[in-house]
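Participant: pasting the structure only:
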């Protein structure tokens, strides 16, 4: 009952004027508190403590996985690419593909100042195949010695490379250098001419014929040394350079080419042809002649019967060639009056002779022949 009216409260608001009691407008319901556990009642941008913990956990796991992956990557790189073997593998790879600039820029590769660089070119390098590392050991001073099995122009060989650590790159990766420079010396001694070929590339012995000329050579490498000139040639002989700091001697023993023999043979034949034009018993500057005690009546007439077939061999003195003694014959026809009884007879005979020469070849290829 409403206080002061004597009427009972029916639970409904009083009727408004002009509206029936049963058709009064509905009153707004009182707001209910939001339930944070119900996703439908969460406000935008708000997170429960449980959701924030789940989010942080997921990111923590992601960062941990990333950290583990980074550490694993560093460990793998340190044991492969940035290891001692990785350093030497990189050097050998550059050498195998004839990247001479990368090879010479490798830390620890040292070429003596002023040394001949004829063999330090991409075209002068031979074929290199790396089979793999067969042994690796660390010395007490921290140097690493790596033994490689390789193939040099198809020939199996072994080489040992020594490296040492020299610092760290990016605060994580070790850097290396050669503790023993992978450079050796090829000592070439040409016996006939200063020019020669190394793996098909022209080179010149600075010390000349008969002396050893030093050429720095990269380790490991193979050089086919020979000569292929117009007048003489030497078959290529393979020299393997597998030990850093070593000296590999090479002597080039050449032989005369057919052209060289033909050239000297023609010069000799021309000389003999000139000799037979001299109408005397002793032609000047010629290898043949005849002594007759009787008096000659007619002019001596010479002609060649047999030209000496020559050969050419290297001389005992470097840079010289020798024509061994070769036999020939020249025909002499002359009338002779006997001092005993005055009779005249015709002398017609083959006069035997032999020749031998010492040959030198000038810098311009001029052939000088001196009788011996």
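Facilitator: Structure received. Remember, predicted model here, so these are calculated numbers, not experimental data.

Participant: contacting residues for the nearest residue to residue 92 once chain neighbours are set aside?
Facilitator: In space, and not counting its chain neighbours, residue 92 is closest to residue 130: 5.0 Å by C-beta to C-beta, 6 or more residues apart in numbering. No exception for glycine: its C-beta is placed from N, CA and C like everyone else's. Residues near residue 130 by C-beta atoms under 8 Å, 6 or more residues apart in numbering: 89, 92, 93, 96, 148, 150.

Participant: What's the per-residue pLDDT of the fifth one here?
Facilitator: Looking at residue 148, its pLDDT is 96.

Participant: any idea which element residue 262 lies in?
Facilitator: Assigned by DSSP states H and E, residue 262 belongs to helix 258-275.

Participant: Can you pull out the residues in contact with that helix?
Facilitator: Residues from elsewhere that reach helix 258-275 (C-beta under 8 Å, 6+ apart): 230-232, 283, 285-288, 302, 304, 307-312, 321, 323, 328, 330, 355, 357, 359, 367, 369.

Participant: bridging residues for the residue nearest to residue 92?
Facilitator: Residues in a beta bridge with residue 130, per DSSP bridges, are residue 150.

Participant: For the closest residue to residue 126 other than its chain neighbours, name its beta-bridge partners.
Facilitator: The shortest distance from residue 126 to any non-neighbouring residue, by C-beta to C-beta, 6+ apart, is to residue 222 (4.1 Å). As for beta bridges, residue 222 partners with residue 240 under DSSP bridges.

Participant: Residue 222 and residue 237 touch, don't they?
Facilitator: No - counting by C-beta atoms under 8 Å, residue 222 stays clear of residue 237, with 10.9 Å between them.

Participant: Next, work out how far apart residue 342 and residue 308 are.
Facilitator: In this view, residue 342 and residue 308 are 38 Å apart by C-beta to C-beta, to the nearest Å.

Participant: Can you list the low-confidence ranges for the stretch 151-300 of the chain?
Facilitator: For the stretch 151-300 of the chain, applying pLDDT under 70 flags the ranges 167-173.

Participant: List only buried entries from the contacts of residue 130.
Facilitator: In the contacts of residue 130, burial by neighbour count holds for 89, 92, 96, 148, 150, counting by 16 or more other C-beta atoms under 10 Å.

Participant: list the contacts for the third one?
Facilitator: By C-beta under 8 Å, 6+ apart, residue 96 lies in contact with 128, 129, 130.

Participant: out of the residues you listed, who's nearest residue 297?
Facilitator: Distances from residue 297 to the contacts of residue 96, taken as C-beta to C-beta, are shortest for residue 128 (80.5 Å).
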